[in-house]
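Q: Just need the structure, nothing else, for what follows:
(2 chains)
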Amino acid sequence: MSDFETVAATEDQAARRGVSGEPATPDRIGAPQRARSLAGDAWRDLRRNPIFWVSLALVVLAAAMAAVPSLFTANDPRDCLLSRQHAAPSGGAIFGYDFQGCDVYARAVYGTRASLLVGALAALATGVIALIVGMLAGYFGGWVDAVLSRVIDIVLGIPLLLAAIVLLKRLSTSSDNVRLFAVIFVLAVLGWTTAARVIRSSVITAKEQDYVSAARMLGARNGRIMWRHILPNALAPAIVVLTIALGSFIAAEATLSFLGIGLKAPTISWGQDIDTGRIHMREAATPLIVPSAFLALTVLAFIMLGDAIRDAFDPKLR
Amino acid sequence: MAVQAGGTAANFRYARDVILRPFSAFPERLASMFRFILRRLLQMVLAFFGTTLIVYALMFAGQGDPIQALAGERPVTAAQRAYLTQKYHLDQTGVGGFFYRYLDYVKNLLQGDLGQSLTGRQIGDILQQAWPVTVRLALIALAVAIIFGVTAGVIAGIRRASIFDNSTLVLTLLVLGIPTIVLAPIAQYFLGVKWQLFPPTAGAQPSFYALLLPGIVLGSLSLATALRLTRTSVAENLRADYVRTARSKGLVKRRIVSVHVLRNSLIPVVTFLGVELGNLMSGAIITEGVFNIPGVGFNLFRGIRTEDGPLVVGIVSVLVVVYLVSNLVVDVLYAVLDPRIRYE
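A: Residues are numbered from 1 along each chain as shown, chains lettered A, B, ... in the order given. From the prediction side, this is the model:
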């Protein structure tokens, strides 16, 4: 974000200083103004987009909850008493108690950490795989591209949920941390293809640019050209794709935990809580509704954030 | 929809110009299309072997006791052990033995023999009972997606940037962002349990009414995607040169939209909905599980819950094949429907 902000600040000043007598709102079609960079234009659009601000606020809130859950609730999510089963709200438990007599709100707050951890690490791993594959395929072309593109096609042809079920079922008796990393591993291994395609196509565009030819003529090696000249161009679209992917990874983790093959008991996760809440929905609804709302809002926040950034960066939609 | 809009003569022209042209006018196009289909077929075969190999390797091979791994934490009786050892040729060892068993598994899969679940029922029989329900549910979901998604998408595409357009965009984003594990139980709670507009669960012989709410939940995702696809496609085609030509000829807007724009805009939507039918049949695990619909997804859901390894592997294998084949059919359909597509 920070580079957008600095660019935007200078752009903004330039626009305000601009030609006297111009309307306050910048007119894109009208009289020629100072040329703006794509990032500057994108930031101007983003700043006026309420969806961007709402989703950004939600993402920050979720990150804070994951980092320091005790800031948001004083109750212990693992302090469960069967005598409080489905009890009405009292004390810090603003949404009452669930089937096991645990604080519904505290569990939802503490569940944020596992979800965000899985989502962020899976997106990170996805980014690394996609960057390597997309970069190699786009930069070298030829048979490297042919082979890697076919691999992408094949992995893209594997249904994520079904493959994840099989992969995770194999690990059904492992310990907590192993399960956590197994879920991340499965999501990353199956989910990198879209980002790899995006990176590949932006690398193909970038490598035809004059400055790349210039660098090559100056004797730069492939590695240096890729790292210094092509990577920065491929990064922006990749970040957009990965933001959206992060949201869908959170949803996928919750789905796997819901099915009982993702994260298990001592780890608190929204997917499991939704499943237990669903089974007892006739007795009490809040144990279903609260984790559902947390999950839906978090996933939505990431998807809307990525969507807003992409809309701002995509000149075709203007 | 587009085909019906202009009457019989228009249908004929459509068939002549859009469907038959690639076959008659350009023989080299035909050749390149066959190359495309061939390559796509080869790719599918590779994907099939790749996926089944992964499924197989993970479920049956590896360390420890494969039979116990299959059963999870449940005890295995001597009879089950003998059956599984014989069925999967576990008495042969080494890498050769692994591939021997894998090929055996593929052969059985292609012949439709999926073996028995841990409860002793033939998996083929279970699937035979489950398919009709799943197909009915998928068709309801598809109908919901077409009726609401395509109609709203056309309106949004024509009135771009209107209130209707913007609100549908936000709504579809909401639908796309909310996971099924939230949407299905919440819909079940509010519409089924609290306000009692729909039956909250479907029984063994679900009626159309009982399948309606699950169908809407299942179809909402396809609805949102179909809506966005139609909208973009219509909006893009409205700016095309042939629309300007039609307008300058003095055609009324309704005719331009219904005859010229829709026909071109719906090609990607039709192919998308084709893919979706395949997805809906394999992707109904959560919806069928939540609403208690005895379809394929429900059996998989139950198989996972009860740690019934053979059942899970059998159903997943079949679903992977369904998914791959439906993707292939749709890709080929797309190539045939749209003469402008490039195969390279």
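Q: near chain B, which residues of the stretch 201-318 of chain A show up?
A: With Cβ under 8 Å from any Cβ of the partner chain as the criterion, the stretch 201-318 of chain A meets chain B at residues A:247, A:251, A:254-255, A:258-261, A:271, A:274-275, A:277-278, A:281-282, A:285, A:288-289, A:292, A:295-296, A:299-300, A:303-304, A:307. Every C-beta, even on glycine, is put in place using the N, C-alpha and C of the backbone.
Q: Residue B:75 in helix, strand or coil?
A: coil (DSSP: H, G, I helix; E, B strand; the rest coil).
Q: Can you list phi and psi of it for me?
A: Main-chain dihedrals, residue B:75, degrees, to the nearest 10: phi -70, psi 150.
Q: Repeat that for residue A:94.
A: phi -70, psi -20.
Q: Can you give me the neighbour number for the residue found closest to residue A:289 once you drop the neighbours it is linked to in the chain?
A: Nearest residue to residue A:289, sequence neighbours excluded (Cβ to Cβ, 6 or more residues apart in numbering or on different chains): residue B:186, at 7.0 Å. With neighbours defined by other Cβ atoms under 10 Å in any protein chain shown, the count for residue B:186 comes to 22.
Q: Quickly find the element holding residue B:186.
A: helix B:180-187 (DSSP states H and E).
Q: Report the distance from that helix to the chain centre.
A: 20 Å (Cα atoms, centre = their mean, to the nearest Å).
Q: What is the burial count for residue B:308?
A: 23.
Q: pretty sure it contacts residue B:120?
A: No - with contact defined as Cβ atoms under 8 Å, residue B:308 and residue B:120 do not form a contacting pair (10.7 Å).
Q: Could I get the CA-only coordinates of the helix holding residue B:186 as CSV?
A: Provided in CSV are the C-alpha atoms of helix B:180-187 (Å, rounded to 0.1, in the frame of the first residue of the first chain):
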residue,chain,number,x,y,z
THR,B,180,-21.6,-22.9,1.1
ILE,B,181,-21.0,-24.1,4.6
VAL,B,182,-22.4,-20.8,5.8
LEU,B,183,-25.1,-20.3,3.2
ALA,B,184,-26.6,-23.8,3.4
PRO,B,185,-27.1,-24.1,7.2
ILE,B,186,-28.2,-20.4,7.5
ALA,B,187,-30.8,-20.9,4.7
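Q: Identify the residues contacting that helix?
A: A:251, A:254-255, A:258, A:271, A:274-275, A:277-278, A:281, A:288-289, A:292, A:295-296, B:175, B:213-214, B:216-218, B:220-221, B:286-287, B:290-291 (Cβ atoms under 8 Å, 6 or more residues apart in numbering or on different chains).
Q: Where helices are concerned, which of those count?
A: Within the contacts of helix B:180-187, residues falling in helices by DSSP state H are A:251, A:254-255, A:258, A:271, A:274-275, A:277-278, A:288-289, A:292, A:295-296, B:175, B:213-214, B:216-218, B:220-221, B:286-287, B:290-291.
Q: what helix or strand is residue 166 on?
A: Went with chain A since none was named. Here residue A:166 is assigned to helix A:160-169, by DSSP H and E.
Q: that answer is for a different chain, and I need it for chain B
A: Residue B:166 belongs to helix B:163-177, assigned by DSSP H and E.
Q: ditto for residue B:293
A: Going by DSSP H and E, residue B:293 is not in any helix or strand.
Q: Can you work out which other helices and strands pack against the lengthiest helix in chain B?
A: Longest helix of chain B, by residue count under DSSP H: helix B:27-60. Helices and strands touching helix B:27-60, by 3 or more Cβ pairs under 8 Å, 6 or more residues apart in numbering or on different chains; DSSP states H and E, are helix A:142-156, helix A:160-169, helix B:21-24, helix B:66-71, helix B:94-111, helix B:309-337.
Q: next structured bit after the second one?
A: It stands for helix A:160-169. Toward the C-terminus, helix A:160-169 is succeeded by helix A:176-191 as the next helix or strand (DSSP H and E).
Q: And that next one, what does it pack against?
A: For helix A:176-191, the packing partners by 3+ Cβ pairs under 8 Å, 6+ apart come out as helix A:104-140, helix A:160-169, helix A:231-259.
Q: Which stretch among the ones you listed approaches residue A:152 most closely?
A: Using Cβ to Cβ as the criterion, the shortest distance between residue A:152 and the helices and strands packed on helix A:176-191 is 7.2 Å, found for helix A:104-140.
Q: now for the closest one, which elements pack on it?
A: Packing partners of helix A:104-140 (3+ Cβ pairs under 8 Å, 6+ apart): helix A:50-67, helix A:142-156, helix A:176-191, helix A:193-207, helix A:231-259, helix A:270-279, helix A:286-313.
Q: quick one, which of those helices is nearest to residue B:155?
A: The nearest among the helices and strands packed on helix A:104-140, by Cβ to Cβ, is helix A:286-313 at 20.9 Å.
Q: tell me how far that closest one is from the chain's mean position?
A: 10 Å.
Q: Can you name the element that comes right after the helix-or-strand element of chain A with minimal mean pLDDT?
A: The weakest-scoring helix or strand in chain A, judged by mean pLDDT, DSSP states H and E, is helix A:2-17 (a mean of 38). Scanning forward in sequence from helix A:2-17 by DSSP H and E, the next helix or strand is helix A:38-47.
Q: List the buried residues of that next one.
A: A:39, A:40, A:41, A:42, A:43, A:44, A:45, A:46 (16 or more other Cβ atoms under 10 Å in any protein chain shown).
Q: Same check on stretch A:113-130?
A: Within stretch A:113-130, the residues that qualify as buried are A:113-123, A:125-127, A:129-130, counting by 16+ other Cβ under 10 Å.
Q: if we can go back for a sec, show me what the helix holding residue A:166 is packed up against.
A: Counting by 3+ Cβ pairs under 8 Å, 6+ apart, the packing neighbours recorded for helix A:160-169 are helix A:176-191, helix A:231-259, helix B:27-60, helix B:296-305, helix B:309-337.
Q: Out of those, flag the one nearest residue A:85.
A: helix A:231-259 (21.6 Å).
Q: Going by proximity to chain B, name the top residue of the stretch 1-150 of chain A.
A: As assessed by Cβ to the nearest Cβ, chain B sits closest to residue A:150 within the stretch 1-150 of chain A, at 6.9 Å.
Q: Verify the contact between that residue and residue B:43 for me.
A: Yes - contact criterion Cβ under 8 Å: residue A:150 and residue B:43 qualify, at 6.9 Å.
Q: who's more crowded, those two?
A: Neighbour totals were compared for residue A:150 and residue B:43, and residue B:43 leads with 18 against 15 (other Cβ under 10 Å).
Q: ok so, going back, how about the contacts made by the residue of the stretch 1-150 of chain A closest to chain B?
A: Taking Cβ under 8 Å, 6+ apart, one finds B:43, B:46 in contact with residue A:150.
Q: again, only this time at 7 Å
A: residue B:43 (Cβ atoms under 7 Å, 6 or more residues apart in numbering or on different chains).
Q: Once you drop chain neighbours, what's closest to residue A:243?
A: Residue A:243 sits nearest to residue A:306 (Cβ to Cβ, 6+ apart), 3.6 Å away.
Q: Would you check how far apart that neighbour and residue B:170 are?
A: Remark: distance between residue A:306 and residue B:170 (Cβ to Cβ, to the nearest Å) = 15 Å.
Q: Same drill for those two, tell me which one is more crowded.
A: Counting neighbours by other Cβ under 10 Å for residue A:306 and for residue B:170 shows that residue A:306 has the greater number, 21 against 12.
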